[in-house]
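Trainee: next come a sequence and a model predicted from it.
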Amino acid sequence: MTTADKVLEAWRLRTSKPIRQRGDYWRGPSPFRSDSDSTGFVLHITGDEHGAWKDFVSGRGGSLYTLARELGVALPTIAPTADTKRGYDGLADYAQAHGVSADVFEAAGWQDTTYMNRSAISFPTANGRRYRFTDGNSPAYINEPGYTPCWYGLKRAVDMATKDSLPLVLCNGEASTVVAQHYGIPACAIASGEKRLPDSLLDALTAVWQGDVMLAYDCDDTGRRVAGEVQAQLEGSKIIDLAMDNHGDLADFCRLWGKDALAELMRRGRKVKAAAVVVEEQADDYMALLDGTDVIEGKPLLVPFASWHTLKGFAHVISPGKLAGIVAASGGGKSSMLETIADYYIRQGEGGCWYGPEWTAAEMFARRVQRYGGATLTQVELHKLFMRDLIANVPDNSMTGELMKPDMLAESKRIARVIQAWPGRMEYYQAQHHLEPLLETMGRGIEKRREAGESVTFAVFDYAQVLTPQEANKSDNVYEYAVGLLKQFVQDYHLVGIVGSQITKSASDESKSGGDIESHNAQWLREDKFNLFVTLRLEYGDDVYGKKVRTNRGIINVAKNSTGLTGTRKMLADFSRLTWKDESWQ
């Protein structure tokens with residue numbers, strides 16, 4: 001039997017009340033309270049050995065394995081680890097045991113030394129040096145006289161997390177911090193001890209970090225206890241099950257997963273997502289939703305541009321089953337706007353689908369790397385040409401491509417790894433002759449992803465004028481008929497839908513002279529087909545020859561907002577990075 005099967009069996013043995021299944025979710029009375037008759041205990045099983053649980057009455061929760069432990073279910077040893085609490089033949093041996101070379105620790109200031117007539121490794125912290133004795137005797141660690149606990153690696157971890165839009169990771173031990181940061185994980189620890197956060201260090205942490213926090217403490221009883229205590233101190237933090245035996249820690253996790261350690265840790269850090277629930281009693285479901293004791297299907301998504309939120313309604317939060325339309329002239333930044341929005345969602349852990357005939361999935365990934373400071377798509381294509389010629393032994397003077405500079409090559413690879421670790425995932429769909437088979441294929445893909453435990457919450461269609469319905473007749477506005485199919489699709493699959501649309505060339509030319517877009521869009525798509533309808537118009541200026549040239553200034557007009565206000569907002573584009581910023585201009 002799998003661990004999931006054993007847990008379900010142990011749960012049933014502890015209650016006489018029924019346990020209901022909804023997809024991958026199981027709901028019923030708490031197995032920890034014999035008198036429980038509510039359905040506030042939820043278990044989400046995402047695989048034979050993976051899952052998460054939450055007791056909405058007590059507020060407790062954790063992974064499938066933490067539930068198994070509490071129910072007395074034996075756990076398999078998934079990743080055996082060596083006992084690192086032993087003697088070492090110096091720093092090189094110590095580093096090797098932690099899965100890295102000595103230069104990784106040396107770069108962090110660690111060095112071989114002798115202290116109190118014992119062989120040791122010395123390393124600096126904010127409040128003085130600490131020593132890890134290597135002779136195998138007790139105590140294993142000692143501090144300089146007058147030492148007080150402090151954060152180790154916090155500043156660098158915050159810098160890493162901020163730069164790469166990742167959660168901060170708290171772990172146990174300076175060695176785990178060094179190894180984790182080497183693998184791109186923004187980890188930090190309290191120097192001198194595995195304990196709940198002292199008030200002074202809690203204040204120091206919250207003063208420099210207000211984002212998400214993941215707790216990756218050691219896989220022993222002390223680590224599990226401390227993780228629970230720290231989670232109570234940091235609201236919204238998430239305990240990560242490293243799924244190793246009692247010797248395992250974050251350094252062992254990195255040694256096991258290698259270059260994939262960051263991506264695997266972020267995957268484990270995904271929040272429990274939505275699943276299907278059969279609506280039985282509207283009033284009961286509504287109250288359960290408010291109490292947080294029900295599993296809801298679909299979820300609303302926050303619009304990533306804060307300046308729109310003052311208009312409230314769907315300019316702030318878009319509900320599943322609703323459509324947002326973004327209209328712009330050709331070359332007016334529409335695709336970059338859609339990509340900016342999609343990136344925001346997948347960085348938050350939301351899964352999505354993208355339909356766009358202009359770019360392949362590989363090109364979309366290259367554009368994403370470009371967006372965060374990597375090589376441009378043009379540079380990538382020229383580099384590809386160069387490498388093709390190089391492999392084909394083409395003479396240097398006949399090569400058609402251009403080799404990417406080493407610094408840009410390294411930075412682009414780094415950004416690609418960071419993007420790979422984002423908790424959300426985008427699936428791309430290429431052009432099909434008709435819209436209906438495209439939606440059918442996309443729907444099957446969404447079902448499979450959800451069955452595998454992945455959350456899929458939004459779909460982007462770029463753009464409406466390439467969506468050709470199979471059944472529209474001559475009397476229909478073919479584009480509005482297509483949007484009608486999209487609306488039914490996002491309702492059926494409980495998705496937030498985002499649709500791009502272009503205006504005619506004559507209208508595009510007029511917009512360069514300051515003309516509005518709305519009056520020209522009626523022949524394409526009317527705003528009443530959408531729940532949120534937005535037009536994007538770039539500002540144009542005259543160059544020295546009197547020719548119209550676009551600027552990076554855009555005017556957003558929220559022309560339709562079903563549950564809120566309408567109005568205009570100013571934004572800035574960075575066309576070299578294919579992105580829009582929530583900033584105004586004068």
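Mentor: Arrived safely. Numbers count the residues shown, from 1 in each chain.

Trainee: helices along the stretch 451-586 of the chain, start to end?
Mentor: Counting by DSSP state H, counting those that start in this stretch, the stretch 451-586 of the chain has these helices, from start to end: 478-492, 505-511, 518-521.

Trainee: CA atoms only for the biggest strand by length in the chain, dumped as PDB, please.
Mentor: With DSSP state E setting the assignment, residue counts place strand 548-561 as the longest strand in the chain. Extracted in PDB, the C-alpha atoms of strand 548-561 (Å, rounded to 0.1, in the frame of the first residue of the first chain):
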ATOM      1  CA  LYS A 548       5.600  59.900 -35.900                       C
ATOM      2  CA  VAL A 549       7.600  57.700 -33.500                       C
ATOM      3  CA  ARG A 550       6.300  55.800 -30.500                       C
ATOM      4  CA  THR A 551       7.300  56.500 -27.000                       C
ATOM      5  CA  ASN A 552       7.200  54.200 -24.000                       C
ATOM      6  CA  ARG A 553       4.200  56.000 -22.500                       C
ATOM      7  CA  GLY A 554       0.800  54.200 -22.700                       C
ATOM      8  CA  ILE A 555      -2.700  55.300 -21.800                       C
ATOM      9  CA  ILE A 556      -4.900  52.500 -20.400                       C
ATOM     10  CA  ASN A 557      -8.600  53.200 -20.700                       C
ATOM     11  CA  VAL A 558     -10.900  50.900 -18.700                       C
ATOM     12  CA  ALA A 559     -14.000  51.200 -20.900                       C
ATOM     13  CA  LYS A 560     -16.000  48.400 -19.300                       C
ATOM     14  CA  ASN A 561     -15.800  47.200 -15.700                       C
END
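
Trainee: what are the pairing partners of it, and which direction each?
Mentor: With DSSP bridges as the test, strand 548-561 is paired with strand 532-542 (antiparallel), strand 567-574 (antiparallel).

Trainee: how far away is Cys188 from Asn531?
Mentor: 43 Å (Cβ to Cβ, to the nearest Å). In this view, the C-beta of every residue, glycine as well, is placed from N, C-alpha and C.

Trainee: same question for Ser34.
Mentor: Going from Ser34 to Asn531 by Cβ to Cβ gives 48 Å.

Trainee: of these two, which one has the most company?
Mentor: Shown here are Ser34 and Asn531; by other Cβ atoms under 10 Å, Asn531 has more neighbours (21 against 10).

Trainee: my guess is that one contacts Lys322, does it?
Mentor: Yes - between Asn531 and Lys322 there is a contact under Cβ atoms under 8 Å: 4.1 Å.

Trainee: Ala108 and Ala204: what is the separation?
Mentor: Distance of Ala108 to Ala204, given as Cβ to Cβ: 20 Å.

Trainee: now Asp389
Mentor: 54 Å.

Trainee: ditto for Val549
Mentor: Relative to Ala204, and taking Cβ to Cβ, Val549 is found at 49 Å.

Trainee: okay, now the unreliable bits of the stretch 51-200 of the chain?
Mentor: The stretch 51-200 of the chain contains residues with pLDDT under 70 at 75-85, 193.

Trainee: now do 90
Mentor: In the predicted model, the stretch 51-200 of the chain carries pLDDT under 90 at residues 51-87, 97-99, 136-140, 144-148, 164-165, 191-196, 198-199.
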